[in-house]
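Peer 1: need a 3D model of the following:
(2 chains)
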Amino acid sequence: MTSPQPQPTPTSPAPTKTPTTPPTNPPTTSPQPDPPKPPAAAWSPAAAIAAWAFPGLGHLLLGYRAQALILAIALTGLYTAGLLIGGLGVVNRQDHRWPFVGQAMIAPTFLVDLYRNRLDQHATTTQDPNQPPPYTKPLGKPQTIGTLYTAIAGMLNALLILDLLHRTPKPPSHLAPGQ
Amino acid sequence: MTRGRAAQNTSPHTMLALRPFLDPLPIEPYTTLLVLPLVIAIAVVYKTLKGHPPKKLPREAGGLVLQILLFLSAAYMLLVLIETFA
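Peer 2: Predicted coordinates for the structure are as follows:
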């Protein structure tokens, strides 16, 4: 019976005195923060509804004041010019249904149509031949151009509404007078 | 007699002045020029929505207006040619 002989342990070589550098400690300052991510596109239906109520109002609510002013002037001017060229008769939900779809992208169109309907009803109830008609129905080019102006203004406002649905509100720090 | 004829020719409707927003404007001589406000409004709205800064907007929108007018003119000439020779 042989007893197990102890295995010779490998002896490590004697440690040599080498100049050791102190271990590098981690920096005591806090780690660098990640660069700020751009804010996620917000879902802002209130601004879109405001833009539908009046062109440019949605951009104003989100802080884009200069853009709001430009868009309000451009779209309101185009819509008003269409009404001026063709008269109230260019907005007619019954007779011109497809142009009305474009015009309805600006909410005051419904007020214009309501007012024109009231004028029609007033004219049919009074029926005084000495009185001029409450408004003149446009024909020919005034009707075409007036309808075109108002319908394109409405469709451009639809673009505004779609843009506002995913537009991030402008940070207040960037707000400067006149911006 | 003359007075009676004049009274027949001047109905209350013809004596009325133009009522803005109620009567159509007489635009017949200027219909071609009326494309300009439309094109300008489209260009301004498009460039504003693209996010161009307001200071650069007149230049950018002006370029787009010129492009649209150029293509409209080209389309007009093409249609005239087709109508002439076809």
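Peer 1: secondary structure class of B:L66, three-state.
Peer 2: helix (DSSP: H, G, I helix; E, B strand; the rest coil).
Peer 1: chain A versus that one, what's the distance?
Peer 2: Separation of B:L66 from chain A (Cβ to the nearest Cβ, to the nearest Å): 18 Å. To be clear about C-beta, it is placed using only N, CA and C from the backbone, and glycine gets the same treatment.
Peer 1: what's the burial count for the residue nearest to A:Y149 when sequence neighbours are not counted?
Peer 2: Nearest residue to A:Y149 in three dimensions, chain neighbours excluded: A:G82, at 2.9 Å (Cβ to Cβ, 6 or more residues apart in numbering or on different chains). Residues lying near A:G82 (other Cβ atoms under 10 Å in any protein chain shown) number 25.
Peer 1: helix or strand: which one has A:G82?
Peer 2: Using DSSP states H and E, A:G82 sits in helix A:65-86.
Peer 1: tell me what that helix is packed against?
Peer 2: Helix A:65-86 is packed against helix A:57-61, helix A:140-165, helix B:35-49, with contacts defined by 3 or more Cβ pairs under 8 Å, 6 or more residues apart in numbering or on different chains; DSSP states H and E.
Peer 1: so, in contact with chain B or not, the shortest one?
Peer 2: No. For a cut-off given as Cβ under 8 Å from any Cβ of the partner chain, helix A:57-61 has no contacts with chain B; the smallest distance is 8.8 Å.
Peer 1: how far does stretch A:140-153 sit from its chain's centre?
Peer 2: In terms of Cα atoms, centre = their mean, to the nearest Å, the centre of stretch A:140-153 is found 26 Å from the chain centre.
Peer 1: what angle do the helix holding A:G82 and helix A:140-165 make?
Peer 2: Angle, helix A:65-86 to helix A:140-165, by axes from the mean of the first three to the mean of the last three Cα atoms, to 10 degrees: 160 degrees.
Peer 1: how many other residues sit next to A:A107?
Peer 2: By other Cβ under 10 Å, 16 other residues sit near A:A107.
Peer 1: OK, contacts around it?
Peer 2: A:52-54 (Cβ atoms under 8 Å, 6 or more residues apart in numbering or on different chains).
Peer 1: just the buried residues of the least confident helix or strand in chain A by mean pLDDT, please?
Peer 2: Across the helices and strands of chain A, mean confidence by mean pLDDT, DSSP states H and E is lowest for helix A:108-126: a mean of 89. For helix A:108-126, burial by neighbour count (16 or more other Cβ atoms under 10 Å in any protein chain shown) applies to A:108-109, A:112-113, A:116, A:119-120.
Peer 1: which bits of chain A sit near chain B?
Peer 2: Going by Cβ under 8 Å from any Cβ, the residues of chain A near chain B are A:66-67, A:70-71, A:74-75, A:77-78, A:81, A:83-89, A:130-136, A:138-139, A:141-143, A:145-146, A:148-149, A:152-153, A:156, A:159-160, A:163.
Peer 1: which residues touch the residue in chain A that chain B sits nearest to?
Peer 2: Residue nearest to chain B within chain A: A:P142 (3.6 Å; Cβ to the nearest Cβ). Contacts for A:P142 (Cβ under 8 Å, 6+ apart) come out as A:85-87, B:24-27.
Peer 1: which residues of chain B lie near chain A?
Peer 2: With Cβ under 8 Å from any Cβ as the criterion, chain B meets chain A at residues B:12-13, B:16, B:19-28, B:31, B:34, B:37-38, B:41-42, B:44-46, B:48-49, B:54, B:57.
Peer 1: buried only: go through the residues you listed for me.
Peer 2: Neighbour counting by 16+ other Cβ under 10 Å classes B:21-25, B:27, B:34, B:37-38, B:41-42, B:44-46, B:48-49, B:57 among these as buried.
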